[in-house]
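Novice: When you get a sec, could you give me coordinates for this:
(one chain, ligands or ions: 2)
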Amino acid sequence: MSATEYDASTALIVVDMQNDFAHPDGSLFVECGDQLVEPINIEIATAAQARSVIVVTQDWHPGTTPHFIDDGGVWPTHCVAGTWGADLIDGLDPDSRASAVIRKGTNGEDGYSAFSMREPGGIVDIPTGLAGLLRERGIERVVVCGIATDVCVSATALSATKAGFNTTVLWDSTRPVSADNATITRVLSEFADALVTVIGAPA
Ligand code: VGL
Ligand code: ZN
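Specialist: Ligands and ions are numbered 1, 2, ... in the order given. The predicted structure follows:
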């Protein structure tokens with residue numbers, strides 16, 4: 001059973017279910033990321049049946065970018081455009097159901113949120129066009145799942161509320177890069193402050 005309800009004014013956003021994050025051989029494997037395929041498939045199937053908009057995001061970096069440790073950033077090289085690591089994980093069912101695929105970071109930006117990107121170290125948000133696309137389709141509510149809870153899922157959910165969408169995160173269909181208590185507490189309090197609804201939040 002899906003964790004929430006869907007309808008035609010809801011969009012499901014499946015964040016970065018790519019090999020480098022979700023496959024045990026990935027360069028930035030998020031522990032248990034592979035276990036998300038099954039629950040997310042249930043959300044996708046339920047959302048599709050309810051005629052919700054389904055958005056799939058992909059982290060999509062050039063081979064060198066200040067986002068990567070090798071070039072002065074903080075992350076190991078991951079999700080380089082066109083490589084296996086950037087592909088959606090096998091079994092995510094079926095990606096053809098997606099109404100839109102949003103690729104973030106394509107020009108070397110830090111692409112954490114599905115809604116906007118930012119030059120590394122910069123302060124200006126560069127919209128991805130997702131907010132406009134959702135508004136055009138009459139979307140009022142977004143449901144967010146995928147990887148990573150504390151990075152791209154949280155950035156996506158927080159910008160969704162800022163853009164005026166009623167926002168829900170399916171906690172059990174996300175996994176964090178950092179699973180320590182301090183990180184989880186911070187993410188949950190940011191969600192609470194931004195009025196993001198969290199389904200399945202740890203007590
Ligand atoms: C992500 C770290 C770096 C994510 C993307 O998808 O959560 N994390 N780039
Ligand atoms: Zn990245």
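Novice: buried stuff in the top strand by length along the chain?
Specialist: Secondary structure of the chain per DSSP state E: the longest strand is strand 166-175. Neighbour-count burial for strand 166-175, counted by 16 or more other C-beta atoms under 10 Å, picks out N166, T167, T168, V169, L170, W171, S173, T174, R175. No exception for glycine: its C-beta is placed from N, CA and C like everyone else's.
Novice: Also stretch 128-140?
Specialist: T128, L130, A131, L133, L134, I139.
Novice: Out of the buried residues of strand 166-175, which is nearest to A45?
Specialist: When these are compared for distance to A45 (C-beta to C-beta), S173 wins out at 13.0 Å.
Novice: The nearest residue to W171 once chain neighbours are set aside and R186, how far apart?
Specialist: Once flanking residues are discounted, W171 sits nearest to G200: 4.0 Å by C-beta to C-beta, 6 or more residues apart in numbering. Remark: distance between G200 and R186 (C-beta to C-beta, to the nearest Å) = 18 Å.
Novice: what do you get for G26?
Specialist: G26 is 25 Å from R186, by C-beta to C-beta.
Novice: Which one of the two is surrounded by more residues?
Specialist: G26 (21 against 14; other C-beta atoms under 10 Å).
Novice: I'd say that one and D20 touch.
Specialist: Yes. The criterion here is C-beta atoms under 8 Å, and G26 meets it with D20 at 3.9 Å.
Novice: coming back round to it: what's the neighbour count on the residue nearest to W171?
Specialist: Based on other C-beta under 10 Å, the number of other residues close to G200 is 12.
Novice: who touches it in this structure?
Specialist: Taking C-beta atoms under 8 Å, 6 or more residues apart in numbering, we find G200 in contact with A3, L170, W171, D172.
Novice: thinking again about what came up before, for ligand 1, state which of the buried residues of stretch 128-140 is nearest.
Specialist: Ligand 1 has its nearest neighbour among these in T128, at 13.8 Å by C-beta to the nearest ligand atom.
Novice: Distance-wise, check the nearest residue to that closest one once chain neighbours are set aside relative to D193.
Specialist: Leaving out its chain neighbours, the residue that sits closest to T128 by C-beta to C-beta, 6+ apart is I102, at 5.5 Å. Applying C-beta to C-beta, the value for I102 to D193 is 25 Å.
Novice: Give me the more crowded residue out of the two.
Specialist: I102 (21 against 10).
Novice: Need the residues that contact the helix or strand where that one lies.
Specialist: According to DSSP states H and E, I102 maps onto strand 100-104. Strand 100-104 is contacted by residues 53-60, 81, 95, 111-114, 117, 128-130, 133 when judged by C-beta under 8 Å, 6+ apart.
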